[in-house]
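In: Need the 3D shape of this:
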Amino acid sequence: MRLIWTIATSLTAWLSGPPAAADPPAQPTAPAAAVRPSDDGASRVRDGLLEVGGAFGLLIAPGVRDVAVTVSAGRFVADNFELSAVGSVSNVKAAGQSATVWSTLIEPSYHLALGGPVFGVLGFAVGAAYEPTLGAGLAVAPRIGVSVGVGRSVVLTTALSYQYITHSAGDSRTEPALIALTTTLRVTIGVAVRW
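Out: Numbering: from 1, shown residues only. The predicted structure is shown next:
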């Protein structure tokens, strides 16, 4: 591959003739930040940025405990609009019983500038979820949260998310953990890196 590239660049240089006068040296530029000011002074998250991160979610209430770990990878397909792939595993314990669900979701999200490096985040994820007893089902997970840029590429997030998982209408299971698993509200805290 390098040989082909070398031949192509040499041939292009030979066909274009003698080299032109050298351009003045370029001025060094600062690396691009994850959040940049726009022409109107507002902050925005730039189109083309990539984001990889993870979050930890927890809900503790009388008789119920829900723990979730989430990883995500996304790309800003337009200024302030991100499309992410999200994978998560959560475990719910209720009335002495436990259930674990695995889910894979696609989430479009909008990042609303609140001032400086602070953004409100609105997302709506849709995908598939699997729990061994209930089987596979459709998962829907809206979330609302806040993200704060720390430095040039690290972003801290906190959010309130709700996840609903469908299951067979004929399934009349009454185990508390399975019931709690299909409709879950949790608070998440996470960190991500953008570049």
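In: isn't Ala136 right next to Gly127, touching?
Out: No. Counting by C-beta atoms under 8 Å, Ala136 stays clear of Gly127, with 10.7 Å between them. Using the backbone N, CA and C atoms, a C-beta is placed for each residue, glycine as well.
In: Name the residue in those two with the higher neighbour count.
Out: Set side by side, Ala136 and Gly127 show more neighbours around Gly127, with 17 against 14, by other C-beta atoms under 10 Å.
In: Please, which helix or strand holds the residue nearest to that one when sequence neighbours are not counted?
Out: Leaving aside its sequence neighbours, Gly127 sits nearest to Leu105 (C-beta to C-beta, 6 or more residues apart in numbering; 3.3 Å). Following DSSP states H and E, one finds Leu105 within strand 97-115.
In: what mean pLDDT does the following helix or strand past that strand have?
Out: Sequence-wise, the next helix or strand downstream of strand 97-115 (DSSP H and E) is strand 118-131. Average pLDDT, strand 118-131: 96.
In: Paired strands for strand 118-131, with orientation please.
Out: strand 97-115 (antiparallel), strand 135-150 (antiparallel) (DSSP bridges).
In: so which of these comes closest to Ala85?
Out: Comparison of those against Ala85 by C-beta to C-beta identifies strand 97-115 as nearest, at 6.2 Å.
In: mind listing the helices for this protein?
Out: Using DSSP state H, the helices of the chain run over 2-16, 176-182.
In: which stretch in these is the model least sure about?
Out: Among the helices of the chain, helix 2-16 carries the lowest mean pLDDT (a mean of 49).
In: ok, now how distant is Val52 from Tyr162?
Out: From Val52 across to Tyr162, the span is 24 Å (C-beta to C-beta, to the nearest Å).
In: which residues touch the closest residue to Leu185 other than its chain neighbours?
Out: Sequence neighbours aside, Tyr162 is the residue nearest to Leu185 in space, at 5.0 Å (criterion: C-beta to C-beta, 6+ apart). Contacts of Tyr162 were listed using C-beta atoms under 8 Å, 6 or more residues apart in numbering, and they are 141-143, 183-185.
In: Farthest-apart pair in those residues, please.
Out: Arg143 and Thr183, at 14.6 Å, using C-beta to C-beta across the contacts of Tyr162.
In: who's more crowded, the two?
Out: Neighbour count, other C-beta under 10 Å: between Arg143 and Thr183, Arg143 has more, with 21 against 10.
In: The more buried one contacts Gly123, correct?
Out: Yes. Assessed by C-beta under 8 Å, Arg143 is found in contact with Gly123 at 4.8 Å.
In: Quick check: neighbours shared by the two?
Out: Common contacts of Arg143 and Gly123, defined by C-beta under 8 Å, 6+ apart, comprise 107, 109.
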